[in-house]
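Predicted model follows, preceded by the sequence.
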Amino acid sequence: MMTDKDTFPTLLDADDHVRENFDAMTRKYLLMVLNDDIIKEHRHKQMGHHSEPLARLLAWCHRRPIDQQYSLRLGADGGYRIIRMSGRRGIPPAYVGETVFATIDDARHGVFLKHIRDLTGG
């Protein structure tokens, strides 16, 4: 005999389903509006008010699950490297690539480009 538990998804499953659909719609929109102008806008104006497409892209980057997010680590040499969060307690972040950025602005733009590669599958 089937119970309510068997026939209805749990609230957690429904929440995941809504998030997945929202993410799919957001990705579709971002892929339609992504162009060189958005990338140039970010390089020249990382802080402050942005165009709507760039603002939505940055919001998507910030909403990603913790294990899909990037951060920066300042090395003893003064250079910045990109790291990826593990999303698990006790597991430290891991370096992503070997690139060392001289400035925080260059490093932030490097993180932005990593998110774009994740979005486009490149």
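Arrived safely.

what comes into contact with the helix or strand containing Val18?
Following DSSP states H and E, one finds Val18 within helix 11-33. With contact meaning C-beta atoms under 8 Å, 6 or more residues apart in numbering, helix 11-33 is reached by 9, 53, 56-57, 60, 119-120. Bear in mind the C-beta positions are built from the backbone N, C-alpha and C, glycine included.

next one: stretch 84-102
Residues from elsewhere that reach stretch 84-102, judged by C-beta under 8 Å, 6+ apart: 65-73, 75, 77-83, 107, 110, 114.

List the buried residues in that stretch.
Residues of stretch 84-102 classed as buried: 84-85, 101 (neighbour count, 16 or more other C-beta atoms under 10 Å).

before we move on, the earlier item: now, of the contacts of stretch 84-102, which are buried?
69-70, 80-83, 107, 110, 114.

Show me where the chain has its strands.
With DSSP state E, the ranges of strands along the chain come out as 70-74, 80-84, 94-95.

does Tyr70 have beta-bridge partners, and which?
Counting by DSSP bridges, Tyr70 is bridged to Arg84.

Check what pLDDT Asp13 gets.
The score at Asp13 is 75. That number is its pLDDT.

what's the burial count for it?
Residues near Asp13, counting by other C-beta atoms under 10 Å, number 10.

Endpoint to endpoint, stretch 49-68 covers what distance?
25 Å (C-alpha to C-alpha, to the nearest Å).

Would you mark the buried spots in that stretch?
Result for stretch 49-68 [16+ other C-beta under 10 Å]: buried residues 50, 53-54, 56-58, 60-61.

and for it, what are the contacting residues?
By C-beta under 8 Å, 6+ apart, stretch 49-68 touches 26-27, 29-30, 33-34, 38, 41-42, 69, 84-88, 112, 115-116, 118-119.
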